[in-house]
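Visitor: Have a look at this prediction, sequence included:
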Amino acid sequence: MKIVILCGGLGTRLREETEFRPKPMVNIGGRPILWHIMKIYAHYGFTDFVLALGYKGEMIKNYFCNYELMNNDVTIELGKPEKIQFHQTHDETGWKITLADTGEKALKGSRLKRVEKYIDGDIFMVTYGDGLANVDISRLLKFHKSHGKYGTVTGINPASRFGELKIRGDNVESFIEKPRDTSGLVNGGFFVFNREIFDYLSPDENCDLEIGPLEEISRKGQLMVYKHTRFWACMDTLRDMDYLNTLWRQGKAEWKVWD
């Protein structure tokens, strides 16, 4: 099953870091936050990733194209550049990563539509390139398969700058992007979709995901919420980055579900 990670945004509220790198490459504990997100999915056995690249996407390509060299011990023989021996010292064996350029200015819905050609199953997962959580991915997927609707969004504790979910039971009745006041669950990413979601998307760079497509499928009763009441955090500002680094440094990184 494919996991699409949206990696193309400008990250303007983290300009101190994103002036030099894309937000998913900002480090938490010495590793890009993107790596942490991928480790969460890999812990549950999902290692087939599609990275929807945009702003400074070449840095993400370089990171993974040089991953073996930079994350293994290496034996080389000078004068014979073809003789490079990698000694397996990292745990990311078996990861398959498709690095897809989806345009520097494209919105999230457009990015997702532009990687449709790499999605070969009826169900796939999507998340943002700046959010961490200890979501049980296996339970999330089981929940999605149980209801048969087009999409599942992970609902997390309130924060007014994220899209609010008006729910009845587990059914999402409306999706309101960034309301002024909120008291309910909000959009925490970690989506599961059926292929039908592509019918609501366009490759036009102005096609968003939350404003429009998710609003529409929620009105049609085709969006469900998986309620997550444990740890969730996003890296939206420099303060968020410092907070996540502090948790990692103190051994309190609850998203670290892997050994």
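Guide: Right, received. Where do you want to start? Small disclaimer: the values here were computed from a predicted structure and weren't measured. Numbers count the residues shown, from 1 in each chain.
Visitor: ok, for residue 190, nearest residue in space, not its chain neighbours?
Guide: residue 154 (3.8 Å; CB to CB, 6 or more residues apart in numbering). Yep, even glycine has a C-beta here, placed from its N, CA and C like the rest.
Visitor: List the neighbouring strands of the helix or strand containing that neighbour plus their orientation.
Guide: Following DSSP states H and E, the helix or strand that holds residue 154 is strand 151-156. Partners of strand 151-156 in the sheet, by DSSP bridges, are strand 186-187 (antiparallel), strand 191-194 (antiparallel), strand 223-227 (parallel).
Visitor: Quick check: residue 85 is in a strand.
Guide: Yes. Membership of residue 85 in a strand is supported by DSSP: H, G, I helix; E, B strand; the rest coil.
Visitor: From residue 110, how far out is it?
Guide: 43 Å (CB to CB, to the nearest Å).
Visitor: Between those two, which has more neighbouring residues?
Guide: The neighbour comparison of residue 85 against residue 110 (other CB atoms under 10 Å) goes to residue 110, with 23 against 10.
Visitor: Let me know whether that one touches residue 212 as I believe.
Guide: No. Counting by CB atoms under 8 Å, residue 110 sits too far from residue 212 to count as a contact (10.8 Å).
Visitor: hang on, the earlier thing: mind telling me which of the strands paired with strand 151-156 the model trusts least?
Guide: Of all these, the minimum mean pLDDT falls on strand 186-187 (a mean of 90).
Visitor: now the helices for the stretch 101-250 of the chain?
Guide: In the stretch 101-250 of the chain, helices defined by DSSP state H, counting those that start in this stretch lie at 108-114, 137-147, 215-219, 238-249, listed in chain order.
Visitor: Out of these, which gets nearest to residue 6?
Guide: Nearest to residue 6 among these is helix 108-114; the distance by CB to CB comes to 5.4 Å.
Visitor: Can you name the residues in contact with that closest one?
Guide: Helix 108-114 is contacted by residues 4, 6, 8-9, 52, 54, 100, 102-103, 106, 126, 197-198, 200-210, 212-213 when judged by CB atoms under 8 Å, 6 or more residues apart in numbering.
Visitor: List the contacts of the residue nearest to residue 190.
Guide: Residue 154 makes contact with 133, 135, 140, 187, 188, 189, 190, 191, 225, 226, 228, 232, according to CB under 8 Å, 6+ apart.
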